[in-house]
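1. 3D, please:
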Amino acid sequence: MRRNLGKPMSRADEPGMCRFASSVAIASVLVIAVLAAGTARAQNPIRIGDINTYKIMAANMVPYRKGTDLAIEEINAAGGVLGRKLEIIKRNDNANPADAVRAAEDLRLNEKVDVLTGTILSNVGLAIADFARHHKMFFLATAATTDKPVWDDGNRYSFRMRASTYSHSVALVPYAASRHRKRWAFVYPNFEFGQSSVAAFKALLEKAQLDVEFVADFAPPLGKVDAGPLVEALAEAKPDAIYNALFGPDLARFARAGASRGVFTSADVVGVFTGDPEYIDPLKDDAPDGWYVTGYLWHLIKTPEHLAFLNACQARWHDYPRISSIMGYITISIINIWTAPRCSQVTRKSVSAPRRSEPSAANIDRTCRPDGPRRG
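-> Down below sits the predicted model:
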């Protein structure tokens, strides 16, 4: 199994490329959110309302909670943020946008949270982004990868942390085009993430390979893949290559059924997220071989920042990190970084600063690397 994460392109390279939230805008909205309650609450904790698919996607959420808890423990042990401890209140969204909005309303009205975080499913992330816009609350989408909250449906209160569906497609297309496979089939969950992921990949591949044909699309509901009939229909389409966006138990069923029927021996397979430990590790000996995928290879990353994060995770939890561990850890670290005392002079006017810009090296260091909590 090979992995490639690629690098962000500029908008000049591709009009649809998601722009990254600028550091000024993040700082502005976060500081306003945290300071809005006034000095009367100065000694109360900063309350983070986290909305996520805690039950249905437990394989992701267990490491995610370990990541958030580790960051909160470290930050609070160092004195907190602006002299206040961090506290996280978690709510389950049941993989349902309406339930997620109800959870957000409860967190806002009853728990009096200062900021909102979370969401792993893109359709849920879109719903909470709209809620944040309506109520003028800071929202950091932790793992929802859709481009819409920072493009078509963007607003000044919503930010996305993980690389987008478009960015994952950018990483995969050069290899896919280099293989010169003409007949492509697509397998993806039928909701926002799967739809936008496939649309981005198709658009990019058509530009890179003029003779490409898209022969079949298979879009089962999330969590309800009937792998046998799916693989049989896929074989009947006779593709030269397959783009896979299934994940979790759906991926496991698809990978095992496809391997048992020999579908993958006659077709290249590329895909998103398959290399994340949450999805590849449960397959064990059934893990696909030869697929070209995005993922998180925690044991191969040797940067000082990642080694520090890895050592902290193993010391605290006696386990290796997953991609969700990093997402949880960075989520809390961003809140720590951008509500530090040096940000307290930021005014509401700054919210109007460009909130989508190409990331400088400094911004990537601050928002995208697990280098531990920092204080002003």
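2. Quick check: the gap between Ala71 and Ala312.
-> Per C-beta to C-beta, to the nearest Å, Ala71 is found 9 Å from Ala312. For the C-beta atoms, the positions are set from N, CA and C on the backbone; glycine is no exception.
3. Compare these two (neighbour count), which wins?
-> With neighbours defined as other C-beta atoms under 10 Å, Ala71 and Ala312 compare such that Ala71 has more, 26 against 18.
4. What helix or strand is the closest residue to Thr274 other than its chain neighbours located in?
-> Of all residues not flanking Thr274 in the chain, Val293 sits nearest, at 3.9 Å (C-beta to C-beta, 6 or more residues apart in numbering). If you go by DSSP states H and E, Val293 is part of strand 292-295.
5. helices or strands up against that strand?
-> Counting contacts by 3 or more C-beta pairs under 8 Å, 6 or more residues apart in numbering; DSSP states H and E, strand 292-295 packs against strand 2-3, helix 165-178, strand 268-275.
6. Looking at these, spot the one closest to Ala143.
-> Ala143 sits nearest to strand 268-275 of all the helices and strands packed on strand 292-295, at 10.1 Å, using C-beta to C-beta.
7. partner strands of the closest one, parallel or antiparallel?
-> Here strand 268-275 has these sheet partners by DSSP bridges: strand 241-244 (parallel), strand 292-295 (parallel).
8. What residues sit buried inside the last one?
-> Right, strand 292-295. Buried residues in strand 292-295, defined by neighbour count with 16 or more other C-beta atoms under 10 Å: 292-295.
9. centre of the chain versus that strand, how much separation?
-> Put simply, strand 292-295 sits 15 Å off its chain's centre (C-alpha atoms, centre = their mean, to the nearest Å).
10. Which residue ranges of the stretch 251-376 of the chain form helices?
-> Here the stretch 251-376 of the chain has its helices, by DSSP state H, counting those that start in this stretch, at 277-280, 304-317, 323-338, 361-367.
11. got it, and the stretch 1-150 of the chain?
-> Ranges of helices in the stretch 1-150 of the chain, per DSSP H, counting those that start in this stretch, are 23-35, 58-77, 97-109, 122-135.
12. Domain map for the chain?
-> Per automatic domain parsing, the structural domains of the chain span 9-164+303-367, 166-299.
13. Out of the helices of the stretch 251-376 of the chain, flag the one nearest Ile128.
-> helix 323-338 (13.6 Å).
14. Near the residue nearest to Ala104 when sequence neighbours are not counted, how many residues? Count them for me, please.
-> Ranked by C-beta to C-beta, 6+ apart and with sequence neighbours excluded, the top spatial neighbour of Ala104 is Phe131, at 4.9 Å. By other C-beta under 10 Å, 23 other residues sit near Phe131.
15. who touches Phe131 in this structure?
-> Residues near Phe131 by C-beta atoms under 8 Å, 6 or more residues apart in numbering: 101, 104-105, 116, 137, 139.
16. Export the residues you listed as CSV, with columns for pLDDT, distance to Arg47 and neighbour count.
-> As requested, the contacts of Phe131 are exported to CSV (pLDDT from 0 to 100; distance: C-beta to C-beta, whole Å; neighbours: other C-beta atoms under 10 Å):
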residue, pLDDT, distance to Arg47, neighbour count
Val101, 97, 19, 18
Ala104, 97, 13, 25
Glu105, 97, 15, 12
Leu116, 95, 10, 28
Met137, 93, 12, 22
Phe139, 93, 14, 29
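17. Mind putting the residues you listed into TSV with distance to Ser178?
-> Output for the contacts of Phe131, formatted as TSV (distance: C-beta to C-beta, whole Å):
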residue	distance to Ser178
Val101	44
Ala104	44
Glu105	49
Leu116	42
Met137	45
Phe139	39
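18. Please identify which pair of those lies farthest apart.
-> For these, the maximum inter-member distance is 13.3 Å, found between Glu105 and Phe139 (C-beta to C-beta).
19. Can you give me every residue that contacts Leu307?
-> Leu307 makes contact with Ile301 under the criterion C-beta under 8 Å, 6+ apart.
20. just to revisit the earlier point, what's the closest of the helices and strands packed on strand 292-295 to Pro63?
-> Pro63 sits nearest to strand 268-275 of all the helices and strands packed on strand 292-295, at 14.2 Å, using C-beta to C-beta.
21. which outside residues touch the closest one?
-> Applying C-beta under 8 Å, 6+ apart, the set of residues contacting strand 268-275 is 1, 3, 165, 168-169, 172, 175-176, 179, 181, 197, 240-247, 251, 279-280, 288, 290-297.
22. Quick check: phi and psi on His318?
-> For His318, the backbone dihedrals are phi 60, psi 40 (criterion: degrees, to the nearest 10).
23. Return the closest of the buried residues of strand 292-295 with respect to Asn123.
-> Nearest to Asn123 among the buried residues of strand 292-295, with distances taken as C-beta to C-beta, is Thr294, at 20.5 Å.
24. rewinding a little: ranking the domains of the chain by mean pLDDT, which is last?
-> The minimum mean pLDDT among the domains of the chain belongs to domain 9-164+303-367 (a mean of 77).
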